[in-house]
Structure formats: C-alpha cells, structure tokens
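# Pasting the sequence and the predicted coordinates here, then a few questions.
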Amino acid sequence: MSRQVDIFLQLLSQNCRDSKPANMTDMCQRLGFDVIGHLALGCDLKMQTEEKNRVMIRLLTVAKMRVNAFMHFPALQSFDFILKALPSKDAVEFKRIVTEIIKNRVAEDDRGQHDLYALMADHIKPGGLYDGILWSEAIFFMTAGGTPPAATMSAVFFYLSRYPQCYEKLAREIRTTFASGRDIQGSAKLSACKYLRACIDEALRMAPPSLATLWREQAADDPQRDAGPVIIDGVVIPPGTQVGVNLYALHHNEDYFPNPFTFNPDRWLDDTDEKSDTHRAFAPFIIGPRSCAGKAMAYLEISLVIAKTIWYFEFEKAPGPLGDVGQGKNETGAGISQPKEYELFDMFNANHNGPYLVFKRRTDCPDELEN
C-alpha cells in the first residue's frame, strides 16, 4: 500500500510541475485499484502509471449499473440471458483482463505473496475457473476494495477545497504531528490525528460510498419466525416483504445530524459518546454480520493518502468551469442541487467525477518524493 501511495504523491508532484488541474476521481480510483490488486491477488495493475488496465474501471461501472438495476427490478433478470448470449466488446475485454490476472496468480506459489489469495488458496478446489469461487472473489475484491475508498478520498478532497477553515485546521494537525512525510505511516501517531478521522467520517456521512438501498427479507427458514412477526418501529412486516434503509437519507436526517448538508467535522469531536444517536445512525460500512470486512484497511488507506497529501502539498479547486465539476447544481432535475455538496450517482457503489484541484508543492518541507 505504501508504495502505491508514494506513486500517487509523485504523480501529484508531476501535476505541480506541469501546472495541470488533477481530477481526483481518476487519480483516487487508479490508486484504489492498484492497492487492492496487490492486497487481493498480488497483481500489479499499474493503473496509476499505464493505460493498459484502466478500462477495467469503466467496465466495472457498467457491470455495477446492471447489478443495481437487477437489485431494484428483479424481473429484469429474466432478460439477462440475452446479455450473456450476445456479450459486448467491453464484456469480452473485461473477461480477458480478469482471466489473465487470475491465471497469473494461480500459476505462482500459493505462499509466494502475502495477499488474500494466499489465505484462501487451501480452500479452493481445482478446476472451474469461471463458475468457481476464485472468479467471484476476484470481482468482489476489485469492486469492494477499489471504488469505495476512492469515493471517500475524492469526497474529502472536495470538501476540504470548499471549506478553507477545515482545510487549515487539518493542515495544522498533520504538519505539527509529523516531523516529515515519511513519518506518516500506519501507526498510533496517525490514529491519534482526531481531526483527520473526523474529516474522513464527515465525508463518509455526506458521501456514503454505497448509495444503493440494501434490501433485506426475513428468510423462510428463520427460526425466529415461530416467535412472531418482525416489527419495525411498531409496524408489522409481513413475511416476504423487503425492507431497507438508504444510507444517504439516514446520514442526512436532521434528527441525528443537525445541519446535515454542511460539512462539519467538529460534530464528531463534540459528540464523543459512541452510544449517541449520531454514532448509532452512522453506518457507511453497514452494520451487523454483513458489514464491510475491509473497514480497517479503508480507513488506513484514506488516512495515509489525505495526511501525506496535506503534508507535501497545498491545493485548491481549479479555476473556471473545471473547478465546478463534482459539485451540485443550482437547478432542478437529476443530481444534487447544492453547490457545496459532492455529487454522487447511485450505481450500487457511488459513481462520481471530480473534484478538479490545483496542487502546489510546499516550500517549507523536505523534498522527499523523488528520493
């Protein structure tokens, strides 16, 4: 992970020399996929530095749109055989890339790398590459580990560029806590940066990485059925009824989050009671047995990227129309209407674009990035 974050920082430094605005969605997504490629399958996707595999990001977006449509309109699945019988060029290319990644990893020694594949290799039966667990797990790791951290990092960059007082407060914390950029590592010192964590949590609240409503239904064989019907807030839920809570709606409920459309990291510092309604209503990684298993990794990746970027660079939104990319629009219609809110679109995972930022190297810190 550290090596991929260093590449991210070096690319930002290159942007400084070229005076080019950086699209943080593109940069953070490529970083996210490079990180999960190494952690999950020991694969160097090189999306940050090479064009070859970047098509995977677009192809996964199309696949997520399809899954999202099926989840909300299950009847559409009856037409799925048409898509499988007549695969598009994109689908064929996606299958080729993932197949190559899997074959290369399977050909290596199971213990050759410290990745998730090595942990589960003993439990995978040989054969059946496409209908086996390995194919499914590879797609899952890429989707769950590549895009959600990127959405949160992009949101943090967006809100810091719109709320200068938050930017300055975070910069003071990072630049007074660490002696150098190389000092910023996964450690107790990084965990002690309370305002950094507050900024990340506030971005997760305002821009949850999954916008889909995750429907649930009481199973027919649930032993608790004999104890009586499911009752939610006094409402009896008949068997077979699907229920769900949309995270964006929950995270913008004024009963739990006053002034919900304002980026206010201090709300997490003022409310230290983890049993309060504010903390109980905060569920960006879902709660219960199906909560995100990669939560700790996501927090570490996001924390490293934001802290190191703040240490080495100053940044602001790009001038002109490019600087408005990613923000809500003051008009009716689809999308978010508030200019200081980061715009997300529901494609199971959140889809997004921007912000475009202009970076400058800090003049009062050591030049470590090229070493």
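Yes, it's here.
# tally of neighbours for K64?
19 (other C-beta atoms under 10 Å). In this view, the C-beta of every residue, glycine as well, is placed from N, C-alpha and C.
# again, but for H279
15.
# Ok, Y248 next?
By other C-beta under 10 Å, 18 other residues sit near Y248.
# any idea how far I102 is from the residue of the chain positioned farthest from its centre?
Distance from the C-alpha centroid of the chain peaks at D226, with 39.7 Å (C-alpha atoms, centre = their mean). Note on D226: its distance to I102, by C-beta to C-beta, to the nearest Å, is 44 Å.
# With I7 instead?
Distance check for I7 against I102: by C-beta to C-beta, it reads 24 Å.
# One more: I184?
Distance from I184 to I102, by C-beta to C-beta: 34 Å.
# Wasn't the residue farthest from the centre of the chain part of a helix?
Yes: according to DSSP: H, G, I helix; E, B strand; the rest coil, D226 belongs to a helix.
# quick one: it and L9, what's the gap?
To L9, D226 is 58 Å away according to C-beta to C-beta.
# Tell me the secondary structure at G32.
Following three-state DSSP, the label given to G32 is helix.
# How about A307?
Classification of A307 using three-state DSSP returns helix.
# That one against L196, yeah?
Yes: between A307 and L196 a contact is recorded at 6.0 Å, counting by C-beta atoms under 8 Å.
# Overlap in contacts, these two.
Common neighbours of A307 and L196, using C-beta atoms under 8 Å, 6 or more residues apart in numbering, are I174, L190.
# residue ranges of the helices in the chain, please?
Under the criterion DSSP state H, the chain carries helices at the ranges 2-18, 24-41, 55-72, 80-85, 89-106, 116-120, 133-162, 164-177, 188-191, 194-206, 247-251, 266-270, 277-280, 295-312.
# Return the alpha-carbon coordinates of the second one using PDB.
It refers to helix 24-41. Output in PDB follows, covering the C-alpha atoms of helix 24-41 (Å, rounded to 0.1, in the frame of the first residue of the first chain):
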ATOM      1  CA  MET A  24      -9.200  13.400  -8.100                       C
ATOM      2  CA  THR A  25     -11.800  10.800  -9.100                       C
ATOM      3  CA  ASP A  26      -9.400   9.400 -11.800                       C
ATOM      4  CA  MET A  27      -6.400   9.600  -9.500                       C
ATOM      5  CA  CYS A  28      -8.100   8.000  -6.500                       C
ATOM      6  CA  GLN A  29      -9.700   5.300  -8.400                       C
ATOM      7  CA  ARG A  30      -6.500   4.200 -10.100                       C
ATOM      8  CA  LEU A  31      -4.800   4.300  -6.700                       C
ATOM      9  CA  GLY A  32      -7.600   2.200  -5.200                       C
ATOM     10  CA  PHE A  33      -7.400  -0.500  -7.800                       C
ATOM     11  CA  ASP A  34      -3.600  -0.700  -7.700                       C
ATOM     12  CA  VAL A  35      -3.800  -1.100  -3.900                       C
ATOM     13  CA  ILE A  36      -6.500  -3.800  -4.000                       C
ATOM     14  CA  GLY A  37      -4.700  -5.600  -6.900                       C
ATOM     15  CA  HIS A  38      -1.700  -6.100  -4.700                       C
ATOM     16  CA  LEU A  39      -3.600  -6.900  -1.500                       C
ATOM     17  CA  ALA A  40      -6.100  -9.300  -3.000                       C
ATOM     18  CA  LEU A  41      -4.300 -11.100  -5.800                       C
END
